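Q: I need the structure of the sequence given here:
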Amino acid sequence: MKAAAAAAARMVTRSQSRATGFGSLGNGEEPVPPGNGEVASEGRKNHRPIKRQRKAQRLHVAYEDSDAEKSKGTDPLVTAWEPQDWKQQLANIRTMRSRKDAPVDQLGVEHCYDPSVPPKVQRYQVLLSLMLSSQTKDQVTAGAMQRLRARGLTVDSILQTDDKTLGELIYPVGFWRSKVKFIKQTSAILQQRYNGDIPASLAELVALPGVGPKMAYLAMAVAWGTVSGIAVDTHVHRIANRLRWTKKMTKSPEETRVALEEWLPRELWSEINGLLVGFGQQICLPIHPRCQTCLNQALCPSAQSF
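A: Alright, predicted model coming up:
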């Protein structure tokens, strides 16, 4: 009788254990029976929320770290290139150019137009002086502009001047015959499309016959007061390569412009053309540069080759 009573007690105990779900909580394999809210609530507190909390915390930390690195610019894989000693080289060039007595300082594009004429005519004269200046010394360009202005330099006056007379007025600028043709074509376009004014965008300026990138950037800066890029001529191209202001040697002024704009601070873009052009006219000459008098002799990678 005692053995039978003990067996019956064990059967009741196992039955109660299965009914209350204690066995499923112990091994974690069987789901909690529906309707037992107290046990299900306790199961959610002890198991599932812990996993979700750990996962969310891990993602949150990684995201914040990534944003912080980007905002502070501390990514070790991204390093901005700049030439060695360029700040000191630039400071030395400014010192050597402090007198402002190079031809570009007295006869550059800023000095070739008539300030007494209407703004639209001023802008046209700026563009024309830039077209004449290609492959031409500033002294020759200034002389041609003086002769043109003496006859009243406007879009209409140029279109009314025959090619032979125009050629005589601008001679001996470089490629003067081609420039006669380009000046006439561009003047006709300005009269027909722009009411005698010049375009106010770089793309439209470059599209004009005889107008290259350097002219367009200078025209935007001088005529419209907008700095949209670095004006690179033969002087800037030569000096930038001699100082190694480009990652690699460039073959054209346009390549040099792109290379300079990749690293040179934008606030220096308007200054660099006149600064280096005058430096190239007086010291860093195309042939036989005056390295002995240059403050950058010890800093210039090309100084030893001359």
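Q: Chain neighbours aside, what residue packs nearest to the residue nearest the centre of the chain?
A: Note on the chain: the residue nearest the mean C-alpha position is residue 261, at 4.9 Å, using Cα atoms, centre = their mean. Using Cβ to Cβ, 6 or more residues apart in numbering and skipping the chain neighbours, the partner closest in space to residue 261 is residue 230 (5.7 Å). Where C-beta positions appear, they are placed from N, C-alpha and C, glycine not excepted.
Q: Tell me the predicted confidence for residue 80.
A: We have a pLDDT of 87 for residue 80.
Q: and what of the one 5 residues further on?
A: Per-residue pLDDT puts residue 85 at 97.
Q: That one contacts residue 299, doesn't it?
A: Yes. Counting by Cβ atoms under 8 Å, a contact exists between residue 85 and residue 299, whose distance comes to 4.9 Å.
Q: Count the residues that sit near residue 294.
A: When neighbours are defined as other Cβ atoms under 10 Å, residue 294 has 18 of them.
Q: was I right about it contacting residue 306?
A: No. Under the criterion of Cβ under 8 Å, residue 294 lies out of contact with residue 306, with a separation of 10.2 Å.
Q: Which residues belonging to the helix or strand containing residue 159 are considered buried?
A: Using DSSP states H and E, residue 159 maps to helix 155-160. Within helix 155-160, the residues that count as buried by 16 or more other Cβ atoms under 10 Å are 155, 158.
Q: And stretch 163-177, by the same measure?
A: Using 16+ other Cβ under 10 Å as the test for burial, stretch 163-177 gives 166-167, 169-170, 173, 176.
Q: Which of the residues you listed sits closest to residue 286?
A: Nearest to residue 286 out of the buried residues of stretch 163-177 is residue 173 (Cβ to Cβ; 18.8 Å).
Q: if we can go back for a sec, now do the helix holding residue 159, average pLDDT.
A: 98.
Q: now for the helix or strand following that helix, which elements pack on it?
A: Where DSSP H and E defines the elements, the next helix or strand beyond helix 155-160 is helix 163-170. Counting contacts by 3 or more Cβ pairs under 8 Å, 6 or more residues apart in numbering; DSSP states H and E, helix 163-170 is packed against helix 138-150, helix 176-193.
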